[in-house]
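# what's the 3D shape of this:
(3 chains)
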Amino acid sequence: MDFLRPARWEEALAAKAEHPTAVPIAGGTDVMVEINFDHRRPEYLLDLNRIGELSEWEVGQENVRLGACVPYSHIMEHLRAELPGLALASHTVASPQIRNRGGVGGNLGTASPAGDAHPALLAAGAEVEAESVRGTRMIPIDAFYTGVKRNALAPDELIRAVHIKKADGPQQYSKVGTRNAMVIAVCAFGLALHPETRTVRTGIGSAAPTPVRAKEAEEFLNAALEEGGFWDSRTIITPSIAKQFADLAAGACNPIDDVRGTASYRRHAVGIMARRTLGWTWESYRGNGRSTEGAA
Amino acid sequence: MGVTGNPTSINQGTRTKGGIGESTLRPDGILKVTGEFAYSSDMWHEDMLWGHTLRSTVAHAEIVSIDTSEALATSGVYAVLTYDDLPTSVKNYGLEIQDTPVLAHGKVRHHGEPVALVAADHPETARRAAAKIKIDYRELPVITDEASATAPDAILVHEGRGDHHAGHVPHPNIVHRQPIVRGDADAAAARADVIVSGEYVFGMQDQAFLGPESGLAVPAEDGGVDLYVATQWLHSDLRQIAPVLGLPEDKVRMTLSGVGGAFGGREDLSMQIHACLLALRTGKPVKIVYNRFESFFGHVHRHPAKLWYEHGATRDGKLTHMKCRIVLDGGAYASASPAVVGNASSLSVGPYVIDDVDIEAIALYTNNPPCGAMRGFGAVQACFAYEAQMDKLAAELSMDPVEFRQLNAMEQGTLLPTGQVVDSPAPVAELLRRVKARPLPPERQWEVAGEPADVRALPGGLSNTTHGEGVVRGIGYAVGLKNVGFSEGFDDYSTARVRMEVIGGEPVATVHTAMAEVGQGGVTVHAQIARTELGVAQVTIRPADTQVGSAGSTSASRQTYVTGGAVKHSCEAVREKVLEMGRRKFGTYHPAWATAELLLEGGKVVTDGGEVLADLVDVLEDEAVDIELEWRHRPTEAFDLRTGQGNGHVQYSFAAHRAVVEVDTELGLVKVIELACAQDVGKALNPLSVEGQIQGGTTQGLGVAVMEEILVDPKTAKVRNPSFTDYLIPTILDTPTIPVDVLELADDHAPYGLRGIGEAPTLSSTPAVLAAIRNATGLELNRTPVRPEHITGT
Amino acid sequence: MRVNFTVNGRRYEADDVWEGESLLYVLRERMGLPGSKNACEQGECGSCTVRLDGVPVCSCLVAAGQVEGREVVTVEGLADFAARRSQAHPGRGHLPHAERSGGGCASGACGTALDKARQWEAEPAGEETRDTGELSPIQQAFIDAGAVQCGFCTPGLLVAADELLERNPEPSDADIREALSGNLCRCTGYEKILDAVRLAAARAEETV
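So this is what the prediction gives:
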């Protein structure tokens, strides 16, 4: 095994071009587990910790450009207003120690369906800034996840940053685990209201081979909200709309039975979370946030 | 802490500071908070090698061939050992039945069984070499439950059994069977106005101690070996290790290293023999440290169980009879299964008066992971089932569940199904009264005025699953019955060596035992006993090793009773000797030397009236008094193999819990809000430690109620979740406040009137939480742990 | 490979480090600092928690090569670390303190020698554990509150709890629970650990 320690981003790209099998390591919270448990022996480890810019973020007009290695604890603390869904998701990640090390770049690189950031990214809308010595490309988040623990990166590419749409409305995130802290998702659900475009976006975690959006549910809800004039009236969404949205969200799942939960429970739980997160965000949009928002 | 009762009078040394009854602090505390306490995984030796264990990847298979040549040829590898390298004809070990191969021979019987060993200069070298060992398995069908174990054509997990249980079991795949029959359950059932029955399932729990198995073996010049290891019983290890190595016991010198928790999981051997074999083969010190994955295969677990119970009661709420059948899955090797069967059957009645019973408990041999000792030891599984039955009966009778239990509660003088009389206080009804009388915790604690809901106070916690939606509160009660000490005629003794001398102008006592300090605080208590008995301030506790006689196991809630008893006994002998010396030297100066009852207090010899006769420094001068003695509790008897009759237990321990839970009924997530416990401890030698034991035991019971289970694939008998990612134990956010109410009703048969305390809280915690979840959801929930899908029905 | 970094204020150099080794392994097996514990090696227990450039992390998940040039504080250096902090911010009350040695050796393999297995023989038992003056406030509070049983989780909990109190001198119970939710304890049921953190916070309050 070789340990590559590039000091600058260009050096990292050059190293990745020279050694496409090199495994990038940032927070180490996935890679080191695999090494400690003898599940993986990469030829090269490519340490990204020394590249300071990866731990920085910029808040622009439309987007937040989030460096690949910005730890979850910083997202929770500093980006709550701009990225409320991702901040909530970050708060559910493992433990304080892990949140101090892990970041969204690692979640995307691993592309586990259980990664906590994915549903929030899908719901907010995001693009992954992937770069190689050949150049930079922006991969829409909807096209990023290609299979179980597979993503759209080319072997010589590294994730430099994620460009996430700044929230223009309330966002929520829920995750079911069988413990009240430090738990991997049995399933998760992210929801973002986008009043500017009068759309709702969603993301489902750990209930399909990849993170997915509940597209049918979104389309149904977008139409129902439009038809009922809800965006303008800001009235309570009728229970039947919420129920159908929840059912469609559950229907968007393609889960499996595993040690963490059954397929049918996952479908059921995604439906419940869809209904609840819709309720919380909508109440917040109506201006009654306090009583329904969660915090810790 | 509420204290009531009638403690046994203690007429020695009560005026010496730091004696029994005070919350003195741990003697190992500073080392533990500075990181300097040497746990078994911290041991280091110059020129040390790392041992690694290659384990079976399948549960049941013949080993067709093993090829170690490539591994041996790896640079940095010093030895590769298989069954063929074992040095003597003794190739098996075991606590009671020697059925466990040191390394697999011809066959593997469970997933993760040790097959080969490697010693190398770096753990990674050892791992890579082990990966080069080629094993050809021919897989066999797996036996995973009672039906497959006792089928007419079942493969025998162990052929040609010759152990002492083989003759009386109905099938060779049953390790042990213990029926208990008393009265006439069928006739009594005819008198019952209501009868309830149920089938209950208890999942496989892991001890999940935080310090994985580890140790260091150092070859000695005399051909022997020094072994530094974390265990629960040094001498039991020694008895199993020495014959395999072909060494006399005095050439296997064992020292207890720091133990990172145990809870039963270190009663059986793990890496002990392996490290010694590698050290003796290579002539170099060998360290073995399991990682968490391997630890799940490195020790036995709590027996998963299926329990069938029937109870009857009259309309006025008196229990008429009980029938039960308890099937424990012992897995591939016997470990402590026979004793667990004895406990499960003899304690299956719970803390209730029932005259007519028909009880059967068995443990199976299967190809599942071996199961053995874990805190609560057979009584835990039974308590889960009989407490569910009590709630069902109370509901049938429209009675309050606590009042129903109190109406049938055992008390001092009650005759147990084994024919044994409970001959010390049994305040079952009082314990229930106390937990019930507590004020309930406030409702809706997640609501903070003007603020968003605090998800940390809600089911799901930080995962933000509810802000109050679907949340229903439930309350449940349970009480349990546990034995203390080793039962069924076992010669349960301990040994203590106590020395008293003057060091630096001060009288100092030194206590030396082989008691395994696993975190429970035995070392704290030994110092307290020495202060109380010998009236000295300074007590040194020597590390536990095999240079002193056996202390027995740190299990069965027995160490404060038995080794504490031994320390007290040896201290008394030292005191007598010191007083004799005093009489010799100073007897002529004061008549009280001959006439009064004399005590040692505050470094002096005093009369019971408080008059000082001499300084200990002057009595001892440069002489040391040094005495090593064994001490035993009252003998017990074996249970009759047909009727289960016999005075099998020495003492009983009782705890009651009230659980308050909040359940997100839509998502099936549970938050335990409060888990109050009341327990009778006889005499709290160290109240702070007593509370810590009760809170810790309670939390382990909570874990198996809502999350902890080793999942075994029924088709392959392979473990599916051997990691802390998927075997979950409670975090601080899963653990509620645990108020503790301690009773001190002395057991006059025990030292200071004390009662073993470690296990009882683990019994009643689980059924109390289950009862509370049932109360919140209205569901039957006959299985533990409860998973979210059991509550949502999806 | 070779790795240079600072542990508890001292420069260390480790040679022949296998690239797959964790910071935890290097601390324990190469630097003679086994205080950080190896309970799960997958970031699910917190027993190996150290401060890396001030931030609490699981040292089992930090690759050794990643700490090149960085600063690590382990439980062995916690008392010293707290004392320096106390001197830098005298407003925050702390118990008196005496310098502790860093422990271990500069490089090469050296862990806990066998005599350490016997070292607490020399420690007389009892009340003298109070007010030793050599412990950080949180260490003292853990002893006093009975928060230590087997002690395997203790080093990680101390590092995490010390950082909590540095950040938030008056934490609510919920704050304590959240901050320590990455540290498993199997012995205590956490009640005495909560007591210990409350005690340390209260003592700091008194001395301000």
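# neighbours around whatever residue of chain A ends up closest to chain C, how many?
Proximity of chain A to chain C (CB to the nearest CB) peaks at A:Ser95, 2.4 Å away. Any C-beta I mention is one placed from the backbone N, CA and C, and that applies to glycine too. A:Ser95 has 28 neighbouring residues, counting by other CB atoms under 10 Å in any protein chain shown.
# Return the per-residue confidence for it.
Looking at A:Ser95, its pLDDT stands at 97.
# Would you report the backbone torsion angles of it?
For A:Ser95, the backbone dihedrals (degrees, to the nearest 10) come out as phi -130, psi 170.
# quick one, domains of chain B?
B:29-35+B:493-632, B:40-140+B:214-259+B:266-297, B:427-486+B:648-792 (automatic domain parsing).
# ok, back up a step: ok, the residue of chain A closest to chain C touching A:Met182?
Yes: between A:Ser95 and A:Met182 there is a contact under CB atoms under 8 Å: 4.7 Å.
# Give the residues shared as contacts by the two.
C:44, C:181-182 (CB atoms under 8 Å, 6 or more residues apart in numbering or on different chains).
# hang on, B:Glu469 in a helix?
No: the assignment for B:Glu469, made by DSSP: H, G, I helix; E, B strand; the rest coil, is coil rather than a helix.
# Look up the closest residue to A:Ala217, ignoring the ones flanking it.
Closest residue in space to A:Ala217, ignoring its immediate chain neighbours: A:Leu248 at 3.6 Å, by CB to CB, 6 or more residues apart in numbering or on different chains.
# tally of neighbours for the one you found?
For A:Leu248, using other CB under 10 Å, the count is 20.
# Please point out which parts of the host helix or strand of it sit buried.
Assigned by DSSP states H and E, A:Leu248 belongs to helix A:239-251. Using 16 or more other CB atoms under 10 Å in any protein chain shown as the test for burial, helix A:239-251 gives A:241-242, A:244-250.
# I'd assumed B:Gln272 was in contact with B:Gly298.
No: if you go by CB under 8 Å, B:Gly298 and B:Gln272 don't touch, sitting 11.0 Å apart.
# Need the winner for burial among the domains of chain B.
Of all those, domain B:427-486+B:648-792 has the most neighbours on average by mean count of other CB atoms under 10 Å in any protein chain shown, namely a mean of 24.
# Could you identify the longest helix within the chain?
Defaulting to chain A. Longest helix in chain A, counting residues (DSSP state H): helix A:263-286.
# I was after chain B.
Chain B, longest helix under DSSP H: helix B:559-586.
# quick check: domain ranges of the chain?
Defaulting to chain A. Taken from automatic domain parsing, chain A resolves into A:1-47, A:171-287.
# Oops, wrong one, chain C.
With domains defined by automatic domain parsing, chain C comprises C:3-74, C:77-94+C:128-207.
# For the first one, measure first residue to last.
Yep, that's domain C:3-74 we're talking about. Domain C:3-74 has an end-to-end distance of 17 Å (criterion: CA to CA, to the nearest Å).
# Next: stretch A:251-265.
From the first residue to the last, stretch A:251-265 extends over 12 Å; the measure is CA to CA.
# can you give me the offset of that stretch from its chain's centre?
Relative to its chain's centre, stretch A:251-265 lies at 19 Å (CA atoms, centre = their mean, to the nearest Å).
# How about that stretch, which residues are buried there?
Judged by neighbour count (16+ other CB under 10 Å), stretch A:251-265 contains these buried residues: A:252-253, A:255, A:260-265.
# That one and chain C, any residue contact?
No: using CB under 8 Å from any CB of the partner chain, stretch A:251-265 never reaches chain C; the gap is at least 13.8 Å.
# Can you list the neighbours in contact with that stretch?
By CB under 8 Å, 6+ apart, the residues outside stretch A:251-265 that reach it are A:176, A:178, A:184-187, A:204, A:206-209, A:212-217, A:266-267, A:269-270, B:668, B:711, B:720-721, B:726, B:787-789, B:792, B:794.
# For PyMOL, write the selection for the buried entries among those.
In PyMOL, a selection of the buried entries from the contacts of stretch A:251-265 looks like this (16+ other CB under 10 Å):
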select buried, (chain A and resi 176+178+184+185+186+187+204+206+207+208+212+213+214+217+266+267+269+270) or (chain B and resi 668+711+721+726+787+788+789+792+794)
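# what about the strand or helix carrying B:Ile359, distance to the chain center?
B:Ile359 is part of strand B:356-364, with elements assigned from DSSP H and E. Taking the mean of its C-alpha atoms, strand B:356-364 sits 22 Å from the chain's own mean (CA atoms, centre = their mean).
# Over to stretch B:627-643?
19 Å.
# For residue 166, give me its contacts.
Since you didn't name a chain, this refers to chain A. A:59-60, A:62-64, A:82-83.
# ah, no, chain C please
When contacts are counted by CB under 8 Å, 6+ apart, C:Glu166 touches C:Arg85.
# in which helix or strand would I find it?
Here C:Glu166 is assigned to helix C:154-167, by DSSP H and E.
# Buried by neighbour count: which residues of the helix or strand following that helix qualify?
Following helix C:154-167 in sequence order, the next helix or strand is helix C:173-179 (DSSP H and E). Buried residues in helix C:173-179, counted by 16+ other CB under 10 Å: C:174-179.
# same thing with stretch A:190-205?
Neighbour counts using 16+ other CB under 10 Å place A:190-194, A:199-205 of stretch A:190-205 among the buried residues.
# pLDDT at B:Arg15, what is it?
63.
# gap between the residue nearest the centre of chain C and C:Cys185?
For chain C, the residue nearest the mean C-alpha position is C:Val75 (2.1 Å; CA atoms, centre = their mean). As judged by CB to CB, to the nearest Å, C:Val75 and C:Cys185 stand 15 Å apart.
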